[in-house]
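# Model the structure of this input:
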Amino acid sequence: MRHNGRVPRTLAVANQKGGVAKTTTVATLGAALGELGQRVLLVDLDPQACLTFSVGIDPEDLDKSIHHVLLGGVKARDVLVEFDDAPDLVPATIELANAEVQLARESSPEQALRTALRPLRSSYDWIIVDCPPTLGLLTVNGLSAASDVLIPLQCETLAHRGVGQLLDTVHDVQQLTNPSLRVLGVLPTLYDGRTTHARAVLETIADTYSLDVLQPAIPKSIRFAEAPAIGETVLSTAPASPGAKAYRALAGALLH
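Presented below is the predicted three-dimensional model:
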């Protein structure tokens, strides 16, 4: 049952630069929204299937995944992995690495994910899409299916070069396939607020691109690395840690 009587918010988490805690953000923010009573679906659009691994599923054990939904006429409901006390998942498998070439041959290739998720929408309050670290057709599918995009960002000197490219892609999607797509802002991850460098990079990016900076910043922590190894998030493995508190605060802010 849908709790709020509205269409779900679909959040694409995107940054073509790897190593920015994108998958950690999808899994942990999803879990935090679940704690607040929201029905959450996670969608793994990354051929590396890190999100699928991080919730405790080995992609090699799966016969079908989002790849077969986008290209093989399989229903999303038929690959859905449901959990009692955690967000549900549409998983990825390595075959997704070939999906962009095959998708490009389809009509309306950038709308495949939106179309595939439509039958599931009424069951969820939030759908969170883990986009791959590229600006290809899979990320465009994630953006085309989304109501909002969140950009996780490690605050380092070269970070803003990638932000400009990503925002160009967002703009193209707004023009061509999804005019209502909204940029929520950048989420500072792996953040060390003690360094003036990190703060300066963040201010530069916010100013240069007129982006909101989402609060609180997600602090750097070894705890995040430990959690996926056992198929859980930091919310359950280290609930009192600064990282867990930060994602809980972000989830609360998104609901207000």
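
# residue ranges for the helices of the stretch 51-200 of the chain, please.
Here the stretch 51-200 of the chain has its helices, by DSSP state H, counting those that start in this stretch, at 66-71, 76-79, 99-103, 112-117, 137-145, 159-176, 196-209.

# Okay, now the unreliable bits of this structure?
By pLDDT under 70, the low-scoring segments of the chain are 1-6, 157-159.

# What segments of it are strands?
With DSSP state E, the ranges of strands along the chain come out as 9-13, 40-44, 88-90, 126-130, 148-154, 182-189.

# still on that earlier bit, for the helices of the stretch 51-200 of the chain, give me TSV that also has mean neighbour count.
To be clear about C-beta, it is placed using only N, CA and C from the backbone, and glycine gets the same treatment. Formatted as TSV, the helices of the stretch 51-200 of the chain follow (neighbours: other Cβ atoms under 10 Å):
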stretch	mean neighbour count
helix 66-71	24
helix 76-79	16
helix 99-103	18
helix 112-117	22
helix 137-145	26
helix 159-176	16
helix 196-209	15
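
# okay, those helices in CSV with distance to residue 153 next?
Listed next are the helices of the stretch 51-200 of the chain as CSV, based on distance: least, Cβ to Cβ, whole Å:
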stretch, distance to residue 153
helix 66-71, 25
helix 76-79, 30
helix 99-103, 24
helix 112-117, 23
helix 137-145, 16
helix 159-176, 6
helix 196-209, 7
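
# Let me know which of those is the nearest to residue 9.
For the helices of the stretch 51-200 of the chain, the distance to residue 9 is smallest for helix 137-145, at 11.6 Å, taking Cβ to Cβ.

# packing partners for that closest one?
strand 9-13, helix 99-103, helix 112-117, strand 126-130, helix 159-176 (3 or more Cβ pairs under 8 Å, 6 or more residues apart in numbering; DSSP states H and E).

# what do you get if the cut-off is 10 Å, keeping everything else the same?
strand 9-13, strand 40-44, helix 66-71, helix 99-103, helix 112-117, strand 126-130, strand 148-154, helix 159-176 (3 or more Cβ pairs under 10 Å, 6 or more residues apart in numbering; DSSP states H and E).

# For residue 23, find the nearest of those.
That would be, of the helices and strands packed on helix 137-145 and by Cβ to Cβ, strand 126-130, which comes in at 5.6 Å.

# coming back round to it: need the helices and strands packed on helix 137-145 in TSV (columns: distance to residue 206).
TSV is the format used below for the helices and strands packed on helix 137-145 (distance: least, Cβ to Cβ, whole Å):
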stretch	distance to residue 206
strand 9-13	18
strand 40-44	28
helix 66-71	33
helix 99-103	32
helix 112-117	29
strand 126-130	23
strand 148-154	10
helix 159-176	10
